[in-house]
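[1] Predicted structure and sequence below. I'll ask about it afterward.
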Amino acid sequence: MHKTICLLPGDGIGPEILTQGACVLAATAQKFGHIFDFEEALIGGAAVDATGEPLPAETVEKCRKADAVYLSAVGGPKWDAVPPEKRPEKGLLGIRKALGLFANLRPALLLPELAGACLLRPDVAARGLDLIVVRELTGDIYFGEPRGLETRDGLRTGFNTMIYTEEEIRRIAVVAFETARKRRKKVCSVEKSNVLETSRLWKEVVLETHREYADVELSHLYVDNAAMQLVRDPSQFDVILTGNIFGDILSDEASVITGSLGMLPSASLGASGPGLFEPVHGSAPDIAGQDKANPLATILSGAMLLRLGFGLSAEADCIEAAVRRTLADGYRTGDIMEAGKTLVGCEEMGRKVLERL
Ligand code: IPM
Ligand code: MG
């Protein structure tokens, strides 16, 4: 297979972890006889510094032409003072929108090798945690109009619009049901239909879509209850289907309770065209450039790229197995360090995975 992958190193620890991720992809290609060409483009604060824009047109162009986009992280305190439309985060939101990446898949998994890092009580953790948040990514209050800041009756007033069309809800519900079919066949739809009209429509359309998926069990939770259930007993969840803002919050919660935010990958997919693959964590500016970052979430995002972007399951399995072997052999970056394990830096962690590939 011959494919082009566009790398977006971004900010903070982004460049260091993406270097490791790209090395693992290159080695996997070699092992399985594929050719991956790597392109690179600017996004986030790095793009603001170089061009004045968080998402230069050239970046969108390069991403559109690629077969997959591999991103690390954007943002940092350096750009806190830039105007809102030039914030690094706008680069990320912009590329999601430009590529039509409406489906964000965020698995949260408690690896047996890292059970000691889990933040939950041992009896709760023992029930297991293996879920995936299917988050709508190009609609909701993130993109709804009207939005703005203005003075109303002499008071500074901020406003945003939570909005979904039935079509936007249907297509993400389909992704959730299809994802569940490949897993434990359970979808929990999360909304706030006791208060919000948007959520009432959400629930109605999810129920309609479910008629085509009778083999999948569907349940519903209000978002506040879902946030509580996630820490009380995450083992009850298989696929969590939700909108953009609720999914943003719940996916951070789901990932941090595993105790290893630095481990979790994600995929963002559209109806066609390249998908975008990135770790769930941020750019960690406090440890940037110190060779301390955990590259495993990025490496595992590379596995998702191969599986979901290119349909290369054996190759993806191989990367995931190499990561688990590395952990089983006791190598840890600072964020997941435990007594009795071997502390390694970002580069060495990447090398340990490569050796086990
Ligand atoms: C995420 C992030 C982004 C989001 C930010 C950086 C714009 O929190 O990917 O979850 O809110 O979607
Ligand atoms: Mg987030």
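    Alright, I've got the coordinates. Ligands and ions are numbered 1, 2, ... in the order given.
[2] Spatially central residue for the chain, please.
    Central residue of the chain (Cα atoms, centre = their mean): residue 266, 3.1 Å from the mean position.
[3] What strands flank the helix or strand hosting that residue, and is each parallel or antiparallel?
    In the assignment (DSSP states H and E), residue 266 maps to strand 265-269. Strand 265-269 has the following sheet partners, assigned by DSSP bridges: strand 103-109 (antiparallel), strand 275-279 (antiparallel).
[4] quick revisit: with adjacent residues omitted, what lies nearest to the residue nearest to the centre of the chain?
    Excluding the flanking residues, the one nearest residue 266 by Cβ to Cβ, 6 or more residues apart in numbering is residue 106, at 4.6 Å. The C-beta positions use only the backbone N, C-alpha and C, and glycine is treated the same way.
[5] so whichever residue of the stretch 151-300 of the chain sits closest to ligand 1 is in which element?
    Using Cβ to the nearest ligand atom, the closest approach of the stretch 151-300 of the chain to ligand 1 is made by residue 248 at 4.4 Å. Following DSSP H and E, one finds residue 248 within helix 244-256.
[6] Could you count how many residues lie near residue 215?
    9 (other Cβ atoms under 10 Å).
[7] Now it, what are its backbone angles?
    Dihedral pair for residue 215: phi -80, psi -10, per degrees, to the nearest 10.
[8] I'd like the numbering to begin with 2 instead of 1 from here.
    Noted, 2 is the first residue going forward, which turns the last one into residue 216.
[9] Go ahead and confirm it touches residue 188.
    No - counting by Cβ atoms under 8 Å, residue 216 does not reach residue 188; the two are 11.2 Å apart.
[10] Which residue ranges of the protein form strands?
    Counting by DSSP state E, the chain has strands at residues 3-11, 36-41, 69-74, 104-110, 131-137, 149-153, 156-160, 187-192, 218-223, 240-243, 266-270, 276-280, 332-333, 343-344.
[11] Let me have those strands in a markdown table, adding mean pLDDT and distance to residue 290 as columns.
    Output for the strands of the chain, formatted as a markdown table (pLDDT from 0 to 100; distance: least, Cβ to Cβ, whole Å):
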| stretch | mean pLDDT | distance to residue 290 |
| --- | --- | --- |
| strand 3-11 | 98 | 12 |
| strand 36-41 | 98 | 18 |
| strand 69-74 | 97 | 13 |
| strand 104-110 | 96 | 27 |
| strand 131-137 | 97 | 31 |
| strand 149-153 | 96 | 35 |
| strand 156-160 | 98 | 35 |
| strand 187-192 | 98 | 38 |
| strand 218-223 | 98 | 42 |
| strand 240-243 | 98 | 35 |
| strand 266-270 | 97 | 23 |
| strand 276-280 | 97 | 17 |
| strand 332-333 | 96 | 20 |
| strand 343-344 | 96 | 18 |
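[12] Distance to residue 326 added to the ones you listed, as JSON lines?
    Listed next are the strands of the chain as JSON lines, based on distance: least, Cβ to Cβ, whole Å:
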{"stretch": "strand 3-11", "distance to residue 326": "24"}
{"stretch": "strand 36-41", "distance to residue 326": "23"}
{"stretch": "strand 69-74", "distance to residue 326": "23"}
{"stretch": "strand 104-110", "distance to residue 326": "16"}
{"stretch": "strand 131-137", "distance to residue 326": "19"}
{"stretch": "strand 149-153", "distance to residue 326": "51"}
{"stretch": "strand 156-160", "distance to residue 326": "50"}
{"stretch": "strand 187-192", "distance to residue 326": "30"}
{"stretch": "strand 218-223", "distance to residue 326": "34"}
{"stretch": "strand 240-243", "distance to residue 326": "28"}
{"stretch": "strand 266-270", "distance to residue 326": "17"}
{"stretch": "strand 276-280", "distance to residue 326": "20"}
{"stretch": "strand 332-333", "distance to residue 326": "10"}
{"stretch": "strand 343-344", "distance to residue 326": "14"}
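[13] Is it possible to get CSV of those strands that adds distance to ligand 1?
    CSV is the format used below for these (distance: least, Cβ to the nearest ligand atom, whole Å):
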stretch, distance to ligand 1
strand 3-11, 10
strand 36-41, 21
strand 69-74, 8
strand 104-110, 8
strand 131-137, 8
strand 149-153, 18
strand 156-160, 17
strand 187-192, 16
strand 218-223, 20
strand 240-243, 13
strand 266-270, 8
strand 276-280, 8
strand 332-333, 25
strand 343-344, 28
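[14] Quick check: the residue of this structure nearest ligand 1.
    Closest point on the chain to ligand 1, by Cβ to the nearest ligand atom, is residue 90, at 3.9 Å.
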